[in-house]
Every structure is written in structure tokens, then in C-alpha cells.
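Colleague: structure, please.
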Amino acid sequence: MMSMTDMAKTLQGRDFLALRDYSPEELLYLLDLADWLKKMHKEHRPHALLAGKTLGLIFQKSSTRTRVSFEAGMVQLGGYPMFLSAQDLQMGRGEPIKDTARVLARYLDGIMIRTFHHADVEELASYADIPVINGLTDSLHPCQVMADLMTIREHKGKDLKGLKMTYIGDGNNMAHSLMMGAAKMGMEIMIASPSGYMPEESFIMEAKAVADSTGGLVQITTDIDLAAKKADVLYADVWASMGQEEEAKERMQALSSYQINGNLLKLAAKDAIVMHCLPAHRGEEVTDEVLEGPQSVIFDEAENRMHAQKAVLAALL
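Modeller: Just a heads-up that it's a prediction; the model follows:
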């Protein structure tokens, strides 16, 4: 087994684009580091691990949690976050990504980007010789899943093997990353989506291959009752993600029955927790009663975005 020192060395300087790029052991190291950083934060014992480091934050999609959690986390680590909107960069006016990447790499120690096309993040990372972190794309949301796994460990114990997570709704970037995150941890995950809104086949097959090696299980269904039965975790996301506003009416019709509510919660394990990456459309993908109920951990989950991302930043930068 690799020592913690050796593990830290293997992570330094790497990109964080997708969970598939990290072994279960590496992800567990990051989760343990996130736990420790959270403990230090709660005890008011700051650690300036990134003193003198600067992180560029490129936002082509707006955000509450991603921006504030990365900025606050970087400051808490002693570093400096630099917010860069699409309007601030020549990339937004047609400069090639490869040129932007090579210029920013001369100024910064790391880049976080939140954008639409995953290929853009991969191109940025291929030309920047500093760590690039995927803050969200239309395909994947790995930072959110790190916070999710951290939250599940807090409520269910650190050994996640065999736990059942059920995701209800659109087979979007969250579904893709949750499948991989659960598979890496040896969990059972069921995705319940209507026909036409299921996760992309390539991501399903990728996660299933990982689950085969970890003892996990990945299943896709249209049956929300079957999916929710005895689940340890119920997870929801919005029916129409950013950039899908024109499809909102059509999506509401297709996904109207894919809601986490009191009746569905009764099918899950008695001590099941309810999660949502936020923002939530209460009364659509999840009811207000459930989100405000005793089994909801959504604000623990939101807080853990900062702690999980601090671990990624500290390890990579």
C-alpha cells in the first residue's frame, strides 16, 4: 500500500477533470484530507498550505456555490483566488483556448474552469502546464461528487462499500459523475430516468467497468419505486440544467413523476439521507417537505463543496 507521503507526491501537479482519472485509493486520500481540513477549519486552526499561490477561476457559466466555495477555500489555504468571467478574457472574444491556456500558465499556479463543453476543459488542460480543475461541464461535475461522497461518509461511516445510492431525474452531468464516484467507492447506484433522458451510454459503460473491479453495481431504470427501495441515499437534481432553458417545458412534462417526495422517501431505508446539489426547484424534482425534513443533508453537502475542493487544491497545487 502506498504511503501518505508517496500518495501526496503522485497527486501534485495533476489535473482534476474527471473522477475516472483517479484511483479509489487516491479519491479516499482526498476525502480524508478534506475531513482533516474541515476539522482544522472548525477548530479555527488555519493552514496556509498554498501561501503565495494564485488560482484563476474561469466562469463561462455563473454560479453561487462554485465561485464562493473556491474563493473562500483558496483564501483559507493562504492563497489568492482571481475571478475571471468570460467577458474578462479574450477567450470570450475568439482567442483560441490553447493560447489562453499557455498565457495563464505563465501567471497562475492553477486554473478552475466552469463551462459548457467538456472538450474545452480537456483542451485547456492539455496546453496549460499547471493543474486544471473541472468546476462543471455539461458532461461532468466531479467536484460536486467529492463533496457528496464526503457528506455520505459523515452520515453513513467512512466505508461506503455496499451502500445504495439512488438518483432520480435527468441523466445529466450529475448522474454521470455520481455513477463513477459510487463505482469507485464500491457502492450500488441506481439511476431512475425516463426514456430519452437516461445517462449517456458511454458513461454508463465506463462506470460499470469500474464497478466490476470494486464490487460496486451500476443499474439504470425507468422505475423510481424500484430504484428508491431500501436506498441509503436519495439524490435529486434540477430537471433543466443551465443552458437547457428552452427545453424546460418539455422536460417538465417528461420528468414530472420523477420527484423525491414523502411517499418515495418511505420506500428508502429508514435512516436514508436526501441530497441535492442545489439550486433546487422545490415542488418539482423534490418537495419542500423533504428538503426541509430531518433526513435532508443538503446544507452539509453544500458546505462540503468548500472542504472537498480545498483538499483538491492543496493536493494538486
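
Colleague: wait, Leu30 touches Lys310, no?
Modeller: No. In this structure, Leu30 is not within contact of Lys310 by CB atoms under 8 Å, at 10.1 Å. C-beta: built from backbone N, CA, C; applies to glycine.

Colleague: of those two, which one has the most company?
Modeller: Each of Leu30 and Lys310 has its neighbours counted (other CB atoms under 10 Å); Lys310 has more, 27 against 24.

Colleague: per-residue confidence for the closest residue to that one other than its chain neighbours?
Modeller: Computed as CB to CB, 6 or more residues apart in numbering, the closest residue to Lys310 that is not its neighbour in sequence is Gly73, at 4.2 Å. pLDDT, Gly73: 98.

Colleague: Gly73 is in what secondary structure piece?
Modeller: Secondary structure from DSSP states H and E places Gly73 in helix 65-76.

Colleague: circling back to that earlier point, quick one: neighbours of the residue nearest to Lys310, just the number.
Modeller: Neighbours of Gly73 (other CB under 10 Å): 25.

Colleague: what sits against it?
Modeller: Residues near Gly73 by CB atoms under 8 Å, 6 or more residues apart in numbering: Met306, His307, Gln309, Lys310, Leu313.

Colleague: report how many residues lie close to Gly223.
Modeller: Slight slip there: residue 223 is Asp, not Gly. Number of residues near Asp223 (other CB under 10 Å) recorded here: 10.

Colleague: which non-adjacent residue is nearest it?
Modeller: Closest to Asp223 by CB to CB, 6+ apart is Ala192, at 6.6 Å.

Colleague: what is the very next helix or strand once past the helix holding Gly73 packed up against?
Modeller: Remark: after helix 65-76, the chain's next helix or strand is strand 80-85, criterion DSSP H and E. If you count contacts as 3 or more CB pairs under 8 Å, 6 or more residues apart in numbering; DSSP states H and E, strand 80-85 packs onto strand 54-59, helix 65-76.

Colleague: quick check: can you name the pairing partners of strand 80-85 and their directions?
Modeller: strand 54-59 (parallel) (DSSP bridges).

Colleague: angle of the partner strand against helix 65-76?
Modeller: Angle of strand 54-59 versus helix 65-76, following axes from the mean of the first three to the mean of the last three CA atoms, to 10 degrees, is 170 degrees.

Colleague: in strand 54-59, what's buried?
Modeller: Residues Leu55, Gly56, Leu57, Ile58, Phe59 are the ones in strand 54-59 that count as buried (16 or more other CB atoms under 10 Å).

Colleague: and stretch 29-39, by the same measure?
Modeller: Here stretch 29-39 shows Tyr29, Leu30, Leu31, Asp32, Leu33, Ala34, Asp35, Leu37, Lys38 as buried, counting by 16+ other CB under 10 Å.

Colleague: out of those residues, who's nearest Met7?
Modeller: Lowest distance from Met7 to these (CB to CB) belongs to Tyr29, with 4.8 Å.

Colleague: quick check: closest non-adjacent residue to that closest one.
Modeller: Met7 (4.8 Å).

Colleague: what about the helices in the stretch 151-300 of the chain?
Modeller: 173-184, 201-214, 224-228, 248-255, 262-267, 288-291, 298-316 (DSSP state H, counting those that start in this stretch).

Colleague: chain center to stretch 222-230: distance?
Modeller: 23 Å (CA atoms, centre = their mean, to the nearest Å).

Colleague: quick one: least confident helix or strand in this protein?
Modeller: helix 4-11 (a mean of 86; mean pLDDT, DSSP states H and E).

Colleague: surely Ser139 touches Ala175?
Modeller: No. Here Ser139 lies out of contact with Ala175, judged by CB under 8 Å, at a distance of 10.5 Å.

Colleague: neighbour-wise, which of these two wins?
Modeller: Neighbours were counted for Ser139 and for Ala175 using other CB under 10 Å; Ala175 has more, 28 against 19.

Colleague: and the closest residue to that one other than its chain neighbours, how many neighbours?
Modeller: Ranked by CB to CB, 6+ apart and with sequence neighbours excluded, the top spatial neighbour of Ala175 is Pro199, at 4.6 Å. For Pro199, the neighbour count with other CB under 10 Å is 22.

Colleague: repeat for Ala254
Modeller: 17.

Colleague: picking up where we left off before, out of the helices and strands packed on strand 80-85, nearest to Asp88?
Modeller: strand 54-59 (8.8 Å).

Colleague: what average pLDDT does the closest one get?
Modeller: Rounded mean pLDDT across strand 54-59 is 97.

Colleague: please consider this matter closed, and thank you.
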